[in-house]
Structures are given as C-alpha cells and as structure tokens.
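> below are the sequence and a predicted model; questions follow.
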Amino acid sequence: MRATKFPSARPSPKGRGRAPGLETVKRGPSPNRNILLPCSLHHRRHSASTLLLGLGNDIMTDDAIGVRIARAARARLAGCKDIAVAESTEMGLALLDLVVGFDQVVVVDAIQTGRVPAGFLHEIDSNQLPRGATRSPHFVGLGEILALGRELGLAVPKHVKIIAVEVQDPYTVGTQMTPALEDALPGAVERIVRLLADEW
C-alpha cells in the first residue's frame, strides 16, 4: 500500500457561535478587540512549577517524536513532584491554556530544517522563539502567544525552552517513526531529563 502524505498542520474548524467553555475578555471599547479565551486560564496555579510539554501527532510518522519523548520521560520523572508532564496535538492559541500557571516550560516538538541530520536536537531559548512560518506548526507563534498572555495579565511561564528534534518525515501517515528517529529517541529523552534535573 502506498503511504498517504499530507501536511501535519490542520486547518481551523469553521462554524458559527461561541465554543463551549469560552468567554469574551474585553480589551477596550471597540467590539473588534474582543478576544475569546478558555475560562480555565484565569487564576490557575499548579502544584508543580515546571511543565514538560511534548507536542506532535502519533499517527504522522516522525511528527510523533515530541509525544514519544514526553511519554518516555514521564516514567523517568515520576518521583519529581515539581515537574509535570503533558502531551498534546494542539497548536497556536490553544497552547496558552496548557502553559498558564507554570513558572518554567520545556516544549519538545519535531522540526525539519534539512540542514542537520535527523535526530539532531535544536535547543531554543525563550528569547530565540521563532516568529512567523517554520517547519514545525505546533509551536508557531509561541513567542507571540506568551506575549499575549502577559498583556492579558495571565500567569505565563517566566522561562521557556524548546527542544526541537530534526526529523526526516513528519508528513506520512503511520504509527512508526523512521529508523533514524527511533535510534535518536533514547538519547533525546536522556538529554531532556538531564536538562530538567540540572538546569531547572
């Protein structure tokens, strides 16, 4: 059977009306500046101060790397009460709901630059967060999203680091990653666990 390929970024669903669980936060007299935000964003606090967030889609071949790393790291970090681990297929503004209330966040995701071998770890600090288009749709605009959270007075993380794993094929439908990514998985998990233990 020939593998089906299509971009991993999904178009936003269209529809009328306000989604359940959303409320309007008014930013001024103009109704055009109203912003929809999940109600759960307000005044949230967590018992853990640090979040490890794995992003990706585990039915899109190498795009699963962030989710796979988070799952493997969760077992290694089970005794660390100050560190929470989560995984998500979300992107854009939806990420704000996941990170509010944490002091530090490590985001793990796939990226494809074509300039380094598959499995290479790009480590990006918050002051280097990519803006605009990148080959990783999940954390596109994360810098802008955090800035929006600050403007709205939300408890967004003070420190953010992205671990972007270079991938070979994030577009083919499949539940197995490419051999290069499978080989890189243990080392990537070890690096991220060590980062959380030593630096944060």
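Sure, I can see it. Note that this is a predicted model, so its numbers are computed, not measured. Numbering: from 1, shown residues only.
> confidence-wise, which helix or strand of the chain is lowest on average?
strand 22-25 (a mean of 34; mean pLDDT, DSSP states H and E).
> mind checking the SS state of the nearest residue to D125 once chain neighbours are set aside?
Spatial nearest neighbour of D125, chain neighbours left out: K161 (5.8 Å); criterion: Cβ to Cβ, 6 or more residues apart in numbering. Glycine gets a C-beta too; all of them are placed from N, C-alpha and C. Put simply, K161 is strand when judged by DSSP: H, G, I helix; E, B strand; the rest coil.
> show me where this structure has strands.
Here the chain has its strands, by DSSP state E, at 22-25, 35-38, 50-55, 83-88, 104-111, 121-125, 159-166.
> dump those to CSV, plus distance to A72 and mean neighbour count.
As requested, the strands of the chain are exported to CSV (distance: least, Cβ to Cβ, whole Å; neighbours: other Cβ atoms under 10 Å):
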stretch, distance to A72, mean neighbour count
strand 22-25, 34, 12
strand 35-38, 29, 16
strand 50-55, 9, 25
strand 83-88, 10, 20
strand 104-111, 11, 26
strand 121-125, 15, 15
strand 159-166, 13, 22
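> for the chain, which spans come out with low pLDDT?
For the chain, the stretches with pLDDT under 70 are 1-46, 126-141, 199-200.
> so can I have a markdown table of the strands of the chain showing distance to R68?
Compiled in a markdown table, the strands of the chain are given as follows (distance: least, Cβ to Cβ, whole Å):
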| stretch | distance to R68 |
| --- | --- |
| strand 22-25 | 31 |
| strand 35-38 | 27 |
| strand 50-55 | 7 |
| strand 83-88 | 9 |
| strand 104-111 | 9 |
| strand 121-125 | 14 |
| strand 159-166 | 10 |
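> re earlier: OK, contacts around the residue nearest to D125?
The contact partners of K161, taken as Cβ atoms under 8 Å, 6 or more residues apart in numbering, are 104-107, 123-126, 195.
> what about V189, how many neighbours?
Residue crowding around V189 was assessed by other Cβ atoms under 10 Å; the count is 19.
> please shift the residue numbers so they start at 51 in all later answers.
Sure thing, new numbering starts at 51, so read that last one as V239.
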